[in-house]
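**Q** Pasting the sequence and the predicted model now:
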Amino acid sequence: MSIRERRFFHEAPGRTGNTLLAYIALTKPRVIELLLVTAIPAMLLADRGTVNPLLILNTLVGGLLAAAGANTLNCVADADIDKVMKRTARRPLARESVPTRHALIFGLLLSVGSFAWLWWTTNLLSGLLAVATILFYVFVYTLLLKRRTSQNVVWGGAAGCMPVMIAWSAVTGTIQWPALVMFGVIFFWTPPHTWALAMRYKDDYKAAGVPMLPTVATERQVTKQILIYTWLTVLTTLVLALVTGWLYASVALLAGAWFLVMAHQLYSGVKRGEPVKPLRLFLQSNNYLAVVFCALAVDSALALPTLLH
């Protein structure tokens, strides 16, 4: 065996591993965590007091494929601005570690697979909702809104709310008002969560020509909007107390107060002209959402007495 052949076989496993990691990175695994945090509680609430592990597993697999497909196609569409932004410069297409054509095919296969899997293992409505989510995220948010309006994450964030709708429909075959309320929780939570991050990386967004609110408005205007949407988030979580027990209601109230304190502190600091750390709100907002939805899952699994029953 020649030196070149020995080198090829020695380096091949490493190249294969790096390629695999690059394809996984295209799916944005950390973003998919939102699916796990919100979908399982939604299913438990829809089938309160009953746990169907197989249905939960099938729905999560289908939802994971949908989110992975949408995120991959988003990377394809945003490859040009990912190269410019420091925060995203290490993404696979920005580094050209995956051919764009291969990434596009990968994203399409994942998307088609999500529809087929959900239709086969749950119902047609769940599959169609997954398709609608992918199309909305790619065409409405990524291609239409993201580069044209500072309200991009407000309306585009609706795609991130869809896992609860898919999860609810997988159990019931319908969409009912508690699912819409959970949709509203994530819808109102998305702007303060995203704008807090954008405040930290506003120079990145400016360089890429993406009109995130912090790049076109003053810090005082941005933090005021963050505060408004935080209030809307917390109030919406309390609506779910109508169909949950005391455990969820208590946690939602306490966690909501904590979230509001952080948002008020950020707004007050900007008003006083003090240095602020918006990234803290971004990170803690993840914890807030996780705590609220975990409480919802436990409350639903235990089937604690509700206000409406």
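**A** Thanks, I have the structure now.
**Q** Please count neighbours and contacts with C-alpha atoms only from this point.
**A** Will do.
**Q** Now the element after the host helix or strand of residue 103, going C-ward?
**A** Under the criterion DSSP states H and E, the helix or strand holding residue 103 is helix 100-121. Using DSSP H and E, the helix or strand that follows helix 100-121 in sequence is helix 124-135.
**Q** contacts for that following helix?
**A** Contact with helix 124-135 is made by 63, 66-67, 69-70, 111, 114-119, 159, 162, 165-167, 169-170, 173-174, as judged by Cα atoms under 8 Å, 6 or more residues apart in numbering.
**Q** and the helix or strand just after that helix, C-alpha only, in CSV?
**A** For helix 124-135, the following helix or strand on the C-terminal side (DSSP H and E) is helix 152-156. Provided in CSV are the C-alpha atoms of helix 152-156 (Å, rounded to 0.1, in the frame of the first residue of the first chain):
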residue,chain,number,x,y,z
ASN,A,152,-39.4,40.1,11.2
VAL,A,153,-39.2,38.0,14.4
VAL,A,154,-42.6,39.1,15.5
TRP,A,155,-44.4,37.5,12.6
GLY,A,156,-41.7,35.1,11.5
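**Q** Any idea which helix or strand in the chain has the lowest mean pLDDT?
**A** The helix or strand of the chain with the poorest confidence is helix 3-26; it has a mean of 62 (mean pLDDT, DSSP states H and E).
**Q** So for the helix or strand following it, mean pLDDT?
**A** Next helix or strand after helix 3-26 toward the C-terminus (DSSP H and E): helix 29-46. In this model, helix 29-46 has an average pLDDT of 87.
**Q** Against which helices or strands is whichever helix or strand comes after helix 29-46 packed?
**A** Once helix 29-46 ends, the next helix or strand along the chain (criterion: DSSP H and E) is helix 53-77. When contacts are defined as 3 or more Cα pairs under 8 Å, 6 or more residues apart in numbering; DSSP states H and E, helix 53-77 sits against helix 3-26, helix 29-46, helix 100-121, helix 124-135, helix 158-172.
**Q** Pull out the buried residues from the helix or strand following helix 53-77.
**A** Note on helix 53-77: by DSSP H and E, the next helix or strand toward the C-terminus is helix 79-84. For helix 79-84, the buried set under the neighbour-count rule, 16 or more other Cα atoms under 10 Å, comprises 79, 81, 82, 83, 84.
**Q** Show me which of those is closest to residue 299.
**A** Nearest to residue 299 among those, counting by Cα to Cα, is residue 82 at 40.8 Å.
**Q** I'd say the closest one and residue 88 touch.
**A** Yes - with contact defined as Cα atoms under 8 Å, residue 82 reaches residue 88; the gap is 5.0 Å.
**Q** joint contacts of these two?
**A** Common neighbours of residue 82 and residue 88 (Cα under 8 Å, 6+ apart) are residue 94.
**Q** okay if I get the helices and strands packed on helix 53-77 as JSON lines plus mean neighbour count and distance to residue 181?
**A** Shown next, in JSON lines, are these (neighbours: other Cα atoms under 10 Å; distance: least, Cα to Cα, whole Å):
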{"stretch": "helix 3-26", "mean neighbour count": "13", "distance to residue 181": "30"}
{"stretch": "helix 29-46", "mean neighbour count": "21", "distance to residue 181": "11"}
{"stretch": "helix 100-121", "mean neighbour count": "19", "distance to residue 181": "23"}
{"stretch": "helix 124-135", "mean neighbour count": "22", "distance to residue 181": "17"}
{"stretch": "helix 158-172", "mean neighbour count": "25", "distance to residue 181": "10"}
